[in-house]
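Participant: Based on what follows, work out the 3D shape:
(one chain, ligands or ions: 1)
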Amino acid sequence: MNDDAFSNQVSPGDAPICVLGLGHIGLPTALGLAELGRRVIGADDDAAKVRLIRAGEPNFYEPGLTELLVKHLKSGRFEPLEDVAAAVRAGSIIFICVGTPQKANGQADLGQVEAVAQVVARNLNGYKLLIEKSTVPAITAQWLKRTIVRYSSGKPQPGDEPAHSSSAPAFDVASNPEFLREGKALEDFFHPNRVVCGVESDRAREILTKLYAPLNCPIVVTNTSTAELIKHAANAFLSMKISFINMVSDLCEKVGADVGAVARGIGLDNRIGPQFLDAGIGYGGYCFPKDLRAFIHLAEEHGVDFSLLQEVEHINQNRVERFVAKVRQALWNLGGKPLGLLGLAFKAGTDDIREAVSLKVIEALREEGCILRLYDPQAMPLTQRLIPPTDKIIYCTSPYEVAQGAHALLLLTEWEEFRGLDLARLRNLMEVPVLVDGRNLFDPDTIRQAGFEYFSMGRPDTKSAGLHSTPAQTK
Ligand code: UDX
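Facilitator: Sure, this is the predicted structure:
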């Protein structure tokens, strides 16, 4: 993206934008805004993270992020700080991008969100637009307004104009949920299907619609609770699509149908669409599991029956058990057998292992007494920190080392590089040529022709009986 594309649409006098929290959402958002021509101050209270970012090294893998970070450290349009209060004082538009982890009861933990709101309240040195970017349950914006009034010295009122407000300057709160996919965060920032703006004043609406105008995409303007709920509903619907196809996948196995063909056959209906119909070992990651739980919890708080989503969660939780049962079906006894695991990240394109299904598979196989040989193109450092190497947990440097003496290869993450593996070489390295494909990454006939016993999710264990769509029809 070159500067000219956007920067001529920003009046030079615009105050810097402040982004609080420089994680998987905050850093791509900060750099995306810098690329749009805005001056951005990023702040995070994790000093080590800020030091890495200042050195041009994001503390997580995201395609294109390092290049954009280096570019805007150089252009001066992005400045990372440890001092959150200083960043707040410098900015007028303030994005909240801090974590909203899940509590034991499923509720979203909004402690970090309130903490930054208190910092804003104590640093109201001019009009502030406080924008929820992190995923928060509906009516959080109301709490943010209360918090700012409660903790600021001059008791300003939301939406007040400086002319008639009390001594303190005015502020607004807005909701602008992110829809970034890890591994595609910059693509999703610059080419969103839509931008959602939950606002409660004309001033906030004008600021946000002007900010996102360069993206030339539909902008949904609504109130804050609706915008907050859109985010939860979007993730819940996507999770439901995944659990739906996984539920159908289990039946496909019983009747000899091909779930890939079912997905193509229903996905060509433009009311359904082909995406998020990939059957496998289910969804993981920092978003879907916690957002679904938080959405269900919010509904329960208001006495609304969300049992449909509870079933979505239940189907997803069962995937690990079904996958391990498939491994047992392939190998009979598991104890003491070396198994090769290909992929650890919760999906391809990221090094993130939070809520990764692979971690649950590892736990189940360790209980069976297996020896596990692990490899992932990006997620090895984070996994090793969580699960240190032992004589039964062996971290390998390549898929071929994983295959050495293995009684089966288990495909857990759909990295593109696994698609191009030398099957003959893998087969010769293995003790037993069994491949259990948790993401239906491989073509069954190709794998079987290479001499493997091949097991996958929802596809016949014989020659594929599914619909062979012509290239024009493939998704
Ligand atoms: C998701 C939403 O897509 C994004 O809009 C939101 O902002 C954050 O949460 P992300 O969690 O990064 O993004 O990953 P996504 O690509 O949505 O995949 C989520 C999980 O679903 C992964 O574990 C993936 O393996 C799984 N998945 C996805 C399937 O099992 N089948 C599919 O068809 C698609």
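Participant: and the gap between the closest residue to the ligand within the stretch 301-450 of the chain and Asp437?
Facilitator: The stretch 301-450 of the chain approaches the ligand most closely through Lys347 (3.7 Å), counting by C-beta to the nearest ligand atom. Every C-beta, even on glycine, is put in place using the N, C-alpha and C of the backbone. When C-beta to C-beta, to the nearest Å is the yardstick, Lys347 and Asp437 sit 15 Å from each other.
Participant: One more: His72?
Facilitator: Distance, His72 to Asp437, by C-beta to C-beta: 40 Å.
Participant: And those two? Which one has more around it.
Facilitator: Neighbour totals were compared for His72 and Asp437, and Asp437 leads with 27 against 21 (other C-beta atoms under 10 Å).
Participant: how much space between the residue nearest to the more buried one when sequence neighbours are not counted and Arg38?
Facilitator: Nearest non-adjacent residue to Asp437, counting by C-beta to C-beta, 6 or more residues apart in numbering: Ser456, 4.1 Å away. Distance from Ser456 to Arg38, counting by C-beta to C-beta: 46 Å.
Participant: Same question for Ile266.
Facilitator: For Ile266 relative to Arg38 (C-beta to C-beta), the value is 42 Å.
Participant: neighbour count winner among these two?
Facilitator: More crowded of Ile266 and Arg38, by other C-beta under 10 Å: Arg38, with 21 against 16.
Participant: Up against the ligand, what does the stretch 151-300 of the chain have?
Facilitator: Contact residues, the stretch 151-300 of the chain versus the ligand (C-beta under 6 Å from any ligand atom): 178-182, 235, 238, 242, 276-278, 280, 282-285, 287-288.
Participant: Just the buried residues from those, in ChimeraX please.
Facilitator: Buried subset of these, written as a ChimeraX selection, criterion 16 or more other C-beta atoms under 10 Å:
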select :178,179,180,182,235,238,242,276,277,278,280,282,283,284,285,287,288
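Participant: ok, which stretches of the protein are strands?
Facilitator: For the chain, applying DSSP state E gives strands covering 17-20, 40-43, 78-81, 93-96, 128-132, 171-175, 195-198, 219-222, 338-342, 371-375, 393-395, 409-411, 434-437, 453-455.
Participant: Could you say which of those strands is packed most deeply?
Facilitator: Neighbour counts (mean count of other C-beta atoms under 10 Å) averaged over each of the strands of the chain peak at strand 17-20, with a mean of 30.
Participant: Please export the C-alpha coordinates of that one as CSV.
Facilitator: Listed next in CSV are the C-alpha coordinates belonging to strand 17-20 (Å, rounded to 0.1, in the frame of the first residue of the first chain):
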residue,chain,number,x,y,z
ILE,A,17,-4.8,8.6,17.1
CYS,A,18,-4.1,6.6,20.3
VAL,A,19,-4.2,2.8,20.3
LEU,A,20,-4.2,1.2,23.7
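Participant: For that strand, name the packing helices and strands.
Facilitator: In terms of contact count using 3 or more C-beta pairs under 8 Å, 6 or more residues apart in numbering; DSSP states H and E, strand 17-20 is assigned the packing partners helix 26-35, strand 40-43, helix 84-90, strand 93-96.
Participant: Which one, of those, ends up nearest to the ligand?
Facilitator: helix 26-35 (10.8 Å).
Participant: Which elements pack onto the closest one?
Facilitator: strand 17-20, strand 40-43, helix 65-75, strand 78-81, strand 93-96, helix 185-190.
Participant: Would that helix count as contacting the ligand?
Facilitator: No. Helix 26-35 does not reach the ligand (C-beta under 6 Å from any ligand atom); its nearest approach is 10.8 Å.
Participant: and stretch 131-144, which residues are buried?
Facilitator: 131-138, 140-141, 143-144.
Participant: for those residues, which one is nearest the ligand?
Facilitator: The closest of the buried residues of stretch 131-144, once distances to the ligand are taken by C-beta to the nearest ligand atom, is Thr135, at 7.5 Å.
Participant: coming back round to it: could you count how many residues lie near the residue of the stretch 301-450 of the chain closest to the ligand?
Facilitator: As a burial measure, Lys347 scores 20 neighbours (other C-beta under 10 Å).
Participant: Please tell me I have it right and it contacts Gly282.
Facilitator: No. Assessed by C-beta atoms under 8 Å, Lys347 is found out of contact with Gly282, at 10.9 Å.
Participant: Can you verify my assumption that Arg459 contacts Asn440?
Facilitator: Yes. Here Arg459 reaches Asn440: they are 6.4 Å apart, a contact under C-beta under 8 Å.
Participant: between those two, which one's more packed in?
Facilitator: Arg459 (25 against 22).
Participant: ok, that one - contacts?
Facilitator: Arg459 makes contact with 252-253, 258-260, 440, 444, 466, according to C-beta atoms under 8 Å, 6 or more residues apart in numbering.
Participant: for Gly21, same thing?
Facilitator: With C-beta under 8 Å, 6+ apart as the criterion, the residues that contact Gly21 are 43-44, 96-99, 112, 116, 134.
Participant: which residues does the closest residue to Glu132 other than its chain neighbours bridge with?
Facilitator: Using C-beta to C-beta, 6+ apart and skipping residues adjacent in sequence, the residue nearest Glu132 is Ser175, 4.6 Å away. With DSSP bridges as the criterion, Ser175 is bridged to Glu132, Gly198.
Participant: Next one: Ser175 from Arg385, what distance?
Facilitator: According to C-beta to C-beta, Ser175 stands 34 Å off from Arg385.
Participant: and what of Asp278?
Facilitator: For Asp278, the distance to Arg385 - C-beta to C-beta - is 29 Å.
Participant: possible to save the contacts of Gly21 as CSV with distance to the ligand?
Facilitator: Shown next, in CSV, are the contacts of Gly21 (distance: C-beta to the nearest ligand atom, whole Å):
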residue, distance to the ligand
Ala43, 22
Asp44, 20
Ile96, 15
Cys97, 12
Val98, 15
Gly99, 13
Gln112, 18
Val116, 20
Ser134, 11
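Participant: Export the helices and strands packed on strand 17-20 as a markdown table, with columns for mean pLDDT.
Facilitator: Listed next are those as a markdown table, based on pLDDT from 0 to 100:
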| stretch | mean pLDDT |
| --- | --- |
| helix 26-35 | 98 |
| strand 40-43 | 98 |
| helix 84-90 | 95 |
| strand 93-96 | 98 |
